[in-house]
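Peer 1: kindly generate the corresponding structure for this input.
(one chain, ligands or ions: 1)
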Amino acid sequence: MNLEAHLAPYAAHSAQSRGRRFAEAPALSRTEFQRDRDRIIHSTAFRRLEYKTQVFVNHEGDLFRTRLTHSIEVAQIARSIARNLRLNEDLVEAISLAHDLGHTPFGHAGQDALNACMKDYGGFEHNLQSLRVVDALEQRYGAFDGLNLMFETREGILKHCSPANAKKLGDIGRRFIDKKQPTLEAQLANLADEIAYNNHDIDDGLRSGLLTTAQLDDIDVYARHRREVESVFPGIGGRRAINETVRRMINALIVDLIDASQTRIQEAQLKTADDVRNAPALITFSESLGREAVLLKLFLRENLYQHYQVNRMTSKARRIIRELFEAFMHESALLPPDYQVANGDRAENLPAQARKVADYIAGMTDRYAMREHRRLFLVDEI
Ligand code: MG
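Peer 2: As a prediction, this is how the structure comes out:
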């Protein structure tokens, strides 16, 4: 039975895939992209997402998004859109669930700090690390390291990449050098990520009290839906009004993305999935909603991500990451054996040792990093 018979000709089909790095017998009861999705869900890195931060550190409140709930929201949004466009739902789901696997503890503050620590050793970039997790770091299969995912899943996970890193990656980095597009599914997962975090950061921002509804009333896309909610439900207030508003915003963005993308796909007259690579980006918002989404992002950056209370946490996070890195590089014998390179303190082995330290730190959850920091620096903790 062809489980992908319903897909559009320009969708990514398992049968036309560039395949896996290590050849495997075909999956019997699922498509190859379903198999990727399943491998991701069963990975260790996926379970760690539960205790990794988006904006708020994990222990700050039980109701805030974590990277796990964020990834599930991205997958939900991406699948809804994919079904409308007859794209491969299994592939967008796999990319969405895996897209943040390489994230450090403490969100972007952690990634920036680790990147600074790794400056002399090739840097640290979370998209690249997500690929490294699925290509090399997971150890679950006898025949290979990593999860041995399909080319298109790996390509979608590698959302951004510097030209210098792209050159080292061979096939998978090629599109960044040739300036070509990835599959429509990869483009879609990327925008579903944006829809998810913009909206849940508003929701979490309001829940935390760091944002107020009065501030948001100056943001067109929020104010418009808020007015709509109040006209349909006069007198509505509190959490229920916020939930109704955010729900409508997500829906409006999804519907807009479907319509605008459908039009662009038709205009491009795609015949095959390969045509997608040579076309411009086809999964896009309409111009007006795209503009509003940018304004919303700017608002969140100024008012939430750089709120002084968030800054206090990110400052602490940077210090924890930096001090862990310095302690391990200064004395590699403090590392668990799996992360020690033979003679790791010798100058010629420092780059390899640094990469292992980065893998170790990037794999930590927020609370594990805090505990490890206490273990290393407090005399009465072991
Ligand atoms: Mg994300």
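Peer 1: buried residues in stretch 258-273?
Peer 2: For stretch 258-273, burial by neighbour count (16 or more other C-beta atoms under 10 Å) applies to 258, 260-261, 264-265, 270, 273. Any C-beta I mention is one placed from the backbone N, CA and C, and that applies to glycine too.
Peer 1: what does stretch 218-227 give?
Peer 2: 219, 221-222, 225-226.
Peer 1: ok, which stretches of the stretch 151-300 of the chain are helices?
Peer 2: In the stretch 151-300 of the chain, the helices defined using DSSP state H, counting those that start in this stretch lie at 151-157, 163-168, 174-178, 184-208, 213-216, 220-232, 238-268, 273-278, 287-300.
Peer 1: what about the residue of the stretch 201-350 of the chain found nearest the ion, how many residues close to it?
Peer 2: Across the stretch 201-350 of the chain, no residue is closer to the ion than Asp201, which sits at 11.0 Å (C-beta to the ion). Neighbour count of Asp201, defined by other C-beta atoms under 10 Å: 24.
Peer 1: measure how far stretch 283-296 is from the centre of its chain, please.
Peer 2: Offset of stretch 283-296 from its chain centre (C-alpha atoms, centre = their mean, to the nearest Å): 20 Å.
Peer 1: show me what from the chain comes close to the ion.
Peer 2: 100, 193 (C-beta under 5 Å from the ion).
Peer 1: in the chain, where is pLDDT below threshold?
Peer 2: Scanning the chain with the threshold set as pLDDT under 70 gives 57-59.
Peer 1: how about the residue in it that the ion sits nearest to, nearest residue that isn't a chain neighbour?
Peer 2: Nearest residue of the chain to the ion, counting by C-beta to the ion: Asp193, 4.2 Å away. Distances taken as C-beta to C-beta, 6 or more residues apart in numbering place Val74 nearest to Asp193, at 5.0 Å, with adjacent residues excluded.
Peer 1: contact partners for that neighbour?
Peer 2: By C-beta atoms under 8 Å, 6 or more residues apart in numbering, the contact set of Val74 is 96-97, 99, 189, 192-193, 196.
Peer 1: which members of the residues you listed are the farthest-apart pair?
Peer 2: Using C-beta to C-beta, the contacts of Val74 span at most 12.3 Å, a distance reached by Leu97 and Ala196.
Peer 1: the residue of the chain closest to the ion touches Leu97, doesn't it?
Peer 2: No. Taking contacts as C-beta atoms under 8 Å, Asp193 lies outside contact range of Leu97: 11.4 Å.
Peer 1: the more surrounded of those two?
Peer 2: Between Asp193 and Leu97, counting by other C-beta under 10 Å, Leu97 is the more crowded of the two (25 against 22).
Peer 1: rewinding a little: residues contacting the residue of the chain closest to the ion?
Peer 2: Asp193 touches 74, 96, 99, counting by C-beta under 8 Å, 6+ apart.
Peer 1: give me that answer again for 10 Å
Peer 2: Counting by C-beta atoms under 10 Å, 6 or more residues apart in numbering, Asp193 touches 70-71, 73-75, 77-78, 95-96, 99-100, 159.
Peer 1: need the winner for burial among the helices of the stretch 151-300 of the chain.
Peer 2: When you average the neighbours per residue for each of the helices of the stretch 151-300 of the chain (mean count of other C-beta atoms under 10 Å), helix 151-157 leads with a mean of 26.
Peer 1: how far away from the center of its chain is it?
Peer 2: 13 Å.
Peer 1: which other helices and strands contact it?
Peer 2: Applying 3 or more C-beta pairs under 10 Å, 6 or more residues apart in numbering; DSSP states H and E, we find helix 151-157 packed against helix 32-41, helix 89-98, helix 126-132, helix 184-208.
Peer 1: run the angle between the longest one and helix 287-300 for me.
Peer 2: For helix 184-208 and helix 287-300, the angle between their directions (axes from the mean of the first three to the mean of the last three C-alpha atoms, to 10 degrees) works out to 40 degrees.
Peer 1: and the angle for the host helix or strand of Met313 with helix 184-208?
Peer 2: Using DSSP states H and E, Met313 sits in helix 308-330. Angle, helix 308-330 to helix 184-208, by the same axes, to 10 degrees: 120 degrees.
Peer 1: after helix 308-330, which helix or strand is next?
Peer 2: Using DSSP H and E, the helix or strand that follows helix 308-330 in sequence is helix 350-363.
Peer 1: what's that following helix packed up against?
Peer 2: Contacts defined by 3+ C-beta pairs under 10 Å, 6+ apart place helix 350-363 against helix 44-48, helix 107-117, helix 126-132, helix 308-330, helix 366-377.
Peer 1: pipe those helices into TSV and attach mean neighbour count per row.
Peer 2: Compiled in TSV, the helices and strands packed on helix 350-363 are given as follows (neighbours: other C-beta atoms under 10 Å):
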stretch	mean neighbour count
helix 44-48	18
helix 107-117	21
helix 126-132	23
helix 308-330	17
helix 366-377	17
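Peer 1: Serialize these to JSON lines and add fields for distance to Gly209.
Peer 2: Below are those laid out as JSON lines (distance: least, C-beta to C-beta, whole Å):
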{"stretch": "helix 44-48", "distance to Gly209": "28"}
{"stretch": "helix 107-117", "distance to Gly209": "19"}
{"stretch": "helix 126-132", "distance to Gly209": "28"}
{"stretch": "helix 308-330", "distance to Gly209": "9"}
{"stretch": "helix 366-377", "distance to Gly209": "21"}
